[in-house]
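In: Sequence and predicted structure, then a few things I'm wondering about:
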Amino acid sequence: MDKLIIINAETLEGKDHISSIYNIYRNEKLTFVLYLVGEFKYNINLRFNLVEEYAKAEIYIIEKGNKNHDVNLDLTNIHSAKNTYGRVFIRRVMNDYSSSSIDGKLIIENGASASSDFFDEKTLLLGDKVVSKVIPSLEIIPSDVLVSHSSSISSVSEDEIFYLRSRGVPMNESFNLIENGFLISNLLNITKKSYREKIKNTIPSLFSFEN
């Protein structure tokens, strides 16, 4: 059984704390999408328990920080059964003097042999006063598992800006196109067309450049 959960922080009406635990059971697959945008402080605790064999979880975090935007995210995947599968994809665009701290933990418990997980984080840094911190950690007991993490920071290249400007795109719009394209690239691993359409309808501001 497949399940899609989408949380758009734009619709939280000032709620600044998110704390959720998700249990994924045998042959279930959870696709989880969290969109964080604005100038608010968010404290977020997410825990994904893969508690039975062949449970799957794909987590997509999309963050766009401007001005006073401040995020503290604590995310944990816990594998308790064998043959479980997890993926964490994080894309962040950090502007102005925004701040973001991510603590990502992948835990493979005893008995969760033949399981796999991957923590993939990429940040586009656009402000010289940005505070960006990522702490990925692995806690692994079985030896026959495949678990890894990757993290990188980049900036917008002059070639990208030149390409858009030479085609008549204004400077501000050029940056918006690059930022949103970078964030949307996070969703390329979602193969279900119905899921992609639902995400587009739930987070219209992320796709506004297509209009």
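Out: Happy to help now that I have it.

In: Setting the sequence-adjacent residues aside, check what's closest to residue 41.
Out: Take residue 41 and drop its neighbours on the chain: the residue closest to it by CB to CB, 6 or more residues apart in numbering is residue 70, 4.2 Å away. Where C-beta positions appear, they are placed from N, C-alpha and C, glycine not excepted.

In: measure the residue nearest the centre of the chain to residue 94 for me?
Out: Against the mean C-alpha coordinate of the chain, by CA atoms, centre = their mean, the closest residue is residue 61 at 1.7 Å. From residue 61 across to residue 94, the span is 13 Å (CB to CB, to the nearest Å).

In: Figure out the length between the terminal residues of stretch 165-176.
Out: Stretch 165-176 has an end-to-end distance of 13 Å (criterion: CA to CA, to the nearest Å).

In: where do the helices sit along this structure?
Out: For the chain, applying DSSP state H gives helices covering 158-165, 171-184, 193-202.

In: now, of those helices, which is deepest in the fold?
Out: Most buried of these, by mean neighbour count (mean count of other CB atoms under 10 Å): helix 171-184, with a mean of 16.

In: got the helices of the chain as a markdown table, with mean pLDDT columns?
Out: Shown next, in a markdown table, are those (pLDDT from 0 to 100):
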| stretch | mean pLDDT |
| --- | --- |
| helix 158-165 | 78 |
| helix 171-184 | 82 |
| helix 193-202 | 92 |
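
In: closest one to residue 51 among the ones you listed?
Out: helix 193-202 (23.0 Å; CB to CB).

In: what's the closest one in contact with?
Out: For helix 193-202, the surrounding residues in contact (CB atoms under 8 Å, 6 or more residues apart in numbering) are 4, 6, 8, 31, 33, 187, 190, 206, 207.

In: Off-centre distance for that helix?
Out: Relative to its chain's centre, helix 193-202 lies at 16 Å (CA atoms, centre = their mean, to the nearest Å).

In: And stretch 178-195, by the same measure?
Out: With CA atoms, centre = their mean as the basis, stretch 178-195 stands 11 Å off its chain's centre.

In: tell me how far the ends of it are from each other?
Out: Using CA to CA, the span of stretch 178-195 from its first residue to its last is 23 Å.

In: and if you look at stretch 108-124?
Out: Its first and final residues considered, stretch 108-124 spans 30 Å by CA to CA.

In: tell me the mean pLDDT over it?
Out: Average pLDDT, stretch 108-124: 95.

In: cool, and stretch 150-157?
Out: Mean pLDDT, stretch 150-157: 83.

In: Buried by neighbour count: which residues of it qualify?
Out: For stretch 150-157, the neighbour count (16 or more other CB atoms under 10 Å) marks residue 156 as buried.

In: Count the neighbours of residue 114 for me.
Out: When neighbours are counted by other CB atoms under 10 Å, residue 114 registers 14.

In: Please look at it and residue 147 and confirm they touch.
Out: No. Applying CB atoms under 8 Å, one finds residue 114 not in contact with residue 147, separated by 11.7 Å.

In: Show me what the nearest residue to residue 98 once chain neighbours are set aside is bridged to.
Out: Leaving aside its chain neighbours, residue 98 sits nearest to residue 65 (3.1 Å; criterion: CB to CB, 6+ apart). For residue 65, the beta-bridge partners under DSSP bridges are residue 38, residue 94.
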